[in-house]
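1. My questions concern the predicted model and sequence given below.
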Amino acid sequence: MVLWYNSDEREGLGIMENFITANYHAHTFRCLHAQGTEQEYIEEAIRLGIREFGFSDHIPCPFKDGYVSGIRMTMDEARGYVETVRSLGERYRDYIKLYVGFEAEYIPEFYDEQMLMYYRLNCDYLILGQHFLCSEERGPYMGTKTDDESRIRSYVDTVIAAMEKGSYLYLAHPDLINYCGMDSVYDWEMTRLCRRMKELDIPLELNILGMGSGRNYPSERFWRIPGEIGNRVIVGLDAHSVAGIGDFASYGKCMAIAEKFHLNIINRLDI
Ligand SMILES: [Zn+2]
Ligand SMILES: [Zn+2]
């Protein structure tokens, strides 16, 4: 395999100019709704000139009632995931810096056990992706449309409480919450969220997967707000397949949002 291209070769291969060189958001086959092995992702990332790549597969949850999730690995499978990335990190160390962590919801009933696992496995980082406010068995998914004011308020309260724990590197897809009620409520709540993230110096993620798959995020209604507040913003691939790593079209659309709202884009993070 070719491990590195010079800039002329990159152009010849159609690799987008100014494409990201660091990404901390990727999933693997282990979460049961993504395709691709760690090694396949790594080789594609290297091919595209990415120098830092973090795996953040969905964190397992210690369900108490025997429930088995269809969208995440089990607690027992976490060690194999971490060890796989570690050994590949050694193997490809001359070409790319690899990190391993999880994308986690902050759910108080799971938090202590998840953090214990995180420290035992010596992981590098967590990102917060608040897909649910409580166990996924009980729902609802935050991307489901709602005009219920209490849901957006609870979403913002939960994200703020999570970030005050100090355990998470950044906030993935802050605009996941699909509130379609009054603009005044949306603006009030999301301004409250962005102000607190700014005080805590937590970057917000502009999500490529959401753009590519036509989800409710990234949403212009949201990104106007961090544009005004001046939050730090990082692009996250949220790759669920090898092809999702080089989604140049969605990256271009995200950069158009960044330009439109004068977002304070950062290119990498210290881990
Ligand atoms: Zn997510
Ligand atoms: Zn994700």
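-> Yes, it's here. In this text, all values refer to a predicted model and were calculated from it rather than measured experimentally. Numbers count the residues shown, from 1 in each chain. Ligands and ions are numbered 1, 2, ... in the order given.
2. where are the low-confidence patches of the stretch 1-150 of the chain?
-> Along the stretch 1-150 of the chain, segments meeting pLDDT under 70 span 1-7, 10, 13.
3. please redo it, this time with the cut-off set to 80
-> Low-confidence segments of the stretch 1-150 of the chain (pLDDT under 80): 1-15, 17.
4. which SS class is the residue in it that ligand 2 sits nearest to?
-> Per C-beta to the ion, residue 103 is where the stretch 1-150 of the chain lies closest to ligand 2, at 4.6 Å. Every residue, glycine included, has its C-beta placed from N, CA and C. For residue 103, the assignment made with DSSP: H, G, I helix; E, B strand; the rest coil gives strand.
5. can you pull up the bridge partners for it?
-> Here residue 103 sits in beta bridges with residue 58, residue 127, as judged by DSSP bridges.
6. Go ahead and confirm it touches residue 129.
-> Yes. With contact defined as C-beta atoms under 8 Å, residue 103 and residue 129 form a contacting pair (4.4 Å).
7. Can you show me the helices along the chain?
-> Here the chain has its helices, by DSSP state H, at 7-12, 38-47, 78-91, 108-120, 149-164, 183-200, 208-212, 220-229, 248-260.
8. closest to residue 30 out of these?
-> For residue 30, the closest of the helices of the chain is helix 78-91, at 5.5 Å, according to C-beta to C-beta.
9. Counting by contacts, list what the closest one packs against.
-> Here helix 78-91 touches helix 38-47, strand 52-58, strand 97-104, going by 3 or more C-beta pairs under 8 Å, 6 or more residues apart in numbering; DSSP states H and E.
10. returning to that earlier point: what number of residues lie near the residue of the stretch 1-150 of the chain closest to ligand 2?
-> By other C-beta atoms under 10 Å, 26 other residues sit near residue 103.
11. got a list of what it touches?
-> Residues in contact with residue 103 (C-beta atoms under 8 Å, 6 or more residues apart in numbering) are 25, 27, 56-59, 126-129, 172.
12. got TSV for the residues you listed, with distance to residue 15 too?
-> Listed next are these as TSV, based on distance: C-beta to C-beta, whole Å:
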residue	distance to residue 15
25	20
27	23
56	23
57	26
58	29
59	32
126	30
127	26
128	31
129	28
172	25
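13. Give the residues shared as contacts by residue 103 and residue 129.
-> residue 172.
14. Let me know the distance separating the residue lying closest to residue 31 once chain neighbours are set aside from residue 164.
-> Distance criterion C-beta to C-beta, 6 or more residues apart in numbering; nearest residue to residue 31, sequence neighbours excluded, is residue 58 at 4.5 Å. In this structure, residue 58 and residue 164 are 22 Å apart, going by C-beta to C-beta, to the nearest Å.
15. So what's the residue count around the residue nearest to residue 30 when sequence neighbours are not counted?
-> Once flanking residues are discounted, residue 30 sits nearest to residue 73: 4.6 Å by C-beta to C-beta, 6+ apart. By other C-beta under 10 Å, 21 other residues sit near residue 73.
16. Return the residues in contact with residue 73.
-> So residue 73 contacts 30-32, 57-58, 60, 81 (C-beta under 8 Å, 6+ apart).
17. picking up where we left off before, tell me if I'm right that the residue nearest to residue 31 and residue 72 touch.
-> Yes. Using C-beta under 8 Å, residue 58 makes contact with residue 72 at a distance of 3.9 Å.
18. if I look at these two, which residues touch both of them?
-> By C-beta under 8 Å, 6+ apart, the residues touching both residue 58 and residue 72 are residue 31.
19. State the number of residues packed around residue 193.
-> Neighbour number of residue 193 under other C-beta under 10 Å is 27.
20. Contact partners for the closest residue to ligand 2 within the stretch 151-271 of the chain?
-> Ranked by C-beta to the ion, the top residue of the stretch 151-271 of the chain for proximity to ligand 2 is residue 238, at 4.3 Å. Contact analysis of residue 238 by C-beta under 8 Å, 6+ apart lists 25-27, 172-173, 207-210, 244.
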